[in-house]
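**Student:** Show me the folded form of this:
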Amino acid sequence: MQNLFIGKGNLADAPTLKRVAGRNGDFDVANMRVMFGRYGQNADGDIEQTGGFWREVEIYGQKAKDVARLLRKGARVLVIGEEREFTAHDEDQNEVEVIKVVAEDVALQLSRVENITFSQPRARQESAEQDA
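**Tutor:** Modelled structure (predicted):
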């Protein structure tokens, strides 16, 4: 990766999933908007948000499906990926440069999580399906 990005932030909305046609066939893309806050101590010694920035984040393949299925608005996530520049159009159809994070991984942070349910390991699940 040329422009390594690692950040913790909150999802503005639930990720959206779409299927995109590519040179090597169709693939899944999950898009999300994440607020990466900056924090510091105030005069009383309390931690408070002192700034931050929004980034569009996208992730591909099976991870895209999982992100779209499991994450929701407000979820706190750790994003690891690469910042890349893209050309987009504003509301007046003018070309603008946009910086996105193309994620290698998006991981759920455990703050505000009340419960986690794990699926069976694949080997056990496949064995149970064969026995049925």
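
**Student:** Which pLDDT value goes with the residue nearest to the spatial centre of the chain?
**Tutor:** Per C-alpha atoms, centre = their mean, the C-alpha nearest to the average position across the chain is that of V106, at 4.8 Å. Note on V106: pLDDT of 98.

**Student:** For Q109, list the residues it contacts.
**Tutor:** Contact analysis of Q109 by C-beta atoms under 8 Å, 6 or more residues apart in numbering lists K8, A75, R76, V77, L78. C-beta coordinates here come from the backbone N, C-alpha and C atoms, glycine included.

**Student:** confidence score at the closest residue to L11 other than its chain neighbours?
**Tutor:** Among residues not flanking L11 along the chain, A75 sits closest, at 4.9 Å (C-beta to C-beta, 6 or more residues apart in numbering). Per-residue confidence (pLDDT) for A75: 95.

**Student:** got a list of what A75 touches?
**Tutor:** A75 touches N10, L11, L108, Q109, R112, counting by C-beta under 8 Å, 6+ apart.

**Student:** Name only those of these that count as buried.
**Tutor:** Buried members of the contacts of A75, counted by 16 or more other C-beta atoms under 10 Å: N10, L11.

**Student:** The contacts of A75 in strands, which ones?
**Tutor:** Applying DSSP state E to the contacts of A75, the entries found in strands are N10, L11, L108.

**Student:** dump the residue contacts of F27.
**Tutor:** F27 makes contacts with R19, V20, Y60, G61, as judged by C-beta under 8 Å, 6+ apart.

**Student:** May I ask which of the residues you listed has the most neighbours?
**Tutor:** Within those, most neighbours by other C-beta atoms under 10 Å means Y60, with 16 neighbours.
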